[in-house]
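> fold the following for me, if possible:
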Amino acid sequence: MDYISESMGHATSDHAITQIYIEHYPLEVQMKNNMKLLKLQEEPEVSDDKAQLLAQLSSLSEDKLRQLTALLK
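Next up, the predicted model:
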């Protein structure tokens with residue numbers, strides 16, 4: 001999120017402005033747009049379950065993601 005905020009020129013450290021822009025687009029649309037910008041090949045469509053999980057994970061804070069990954073080890 002820091003990289004996106006910085007790239008968009010948002011000066012606040014809480015990412016509120018960046019989140020306002022990003023939250024309007026579902027994760028699937030974000031990924032498709034990223035692939036276009038980066039000129040990557042499009043991946044096959046993900047299952048609904050996987051898409052839901054990715055959407056949930058992308059909404060977590062960095063601290064929550066760290067806690068979750070620590071539980072996986």
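
> the least confident helix or strand in the chain by mean pLDDT: what's the following helix or strand?
Using mean pLDDT, DSSP states H and E, the weakest-scoring helix or strand in the chain turns out to be helix 2-8, at a mean of 64. Scanning forward in sequence from helix 2-8 by DSSP states H and E, the next helix or strand is helix 16-22.

> which strands and helices sit next to whichever helix or strand comes after that following helix?
Later in the chain than helix 16-22, the nearest helix or strand by DSSP H and E is helix 27-38. Counting contacts by 3 or more Cβ pairs under 8 Å, 6 or more residues apart in numbering; DSSP states H and E, helix 27-38 is packed against helix 48-58. Backbone N, C-alpha and C define where each C-beta goes, glycine included.

> which parts of the helix it packs on are buried?
Judged by neighbour count (16 or more other Cβ atoms under 10 Å), helix 48-58 contains these buried residues: Leu54.

> alpha carbons only: can I get that helix in PDB?
Taking Å, rounded to 0.1, in the frame of the first residue of the first chain, the C-alpha atoms of helix 48-58 are listed here in PDB:
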ATOM      1  CA  ASP A  48     -15.000 -17.900  -7.000                       C
ATOM      2  CA  ASP A  49     -13.700 -19.300  -3.700                       C
ATOM      3  CA  LYS A  50     -10.100 -18.200  -4.500                       C
ATOM      4  CA  ALA A  51     -11.300 -14.700  -5.700                       C
ATOM      5  CA  GLN A  52     -13.300 -14.300  -2.400                       C
ATOM      6  CA  LEU A  53     -10.300 -15.300  -0.400                       C
ATOM      7  CA  LEU A  54      -8.000 -12.900  -2.300                       C
ATOM      8  CA  ALA A  55     -10.500 -10.100  -1.800                       C
ATOM      9  CA  GLN A  56     -10.700 -10.700   1.900                       C
ATOM     10  CA  LEU A  57      -6.900 -10.900   2.200                       C
ATOM     11  CA  SER A  58      -6.400  -7.700   0.300                       C
END
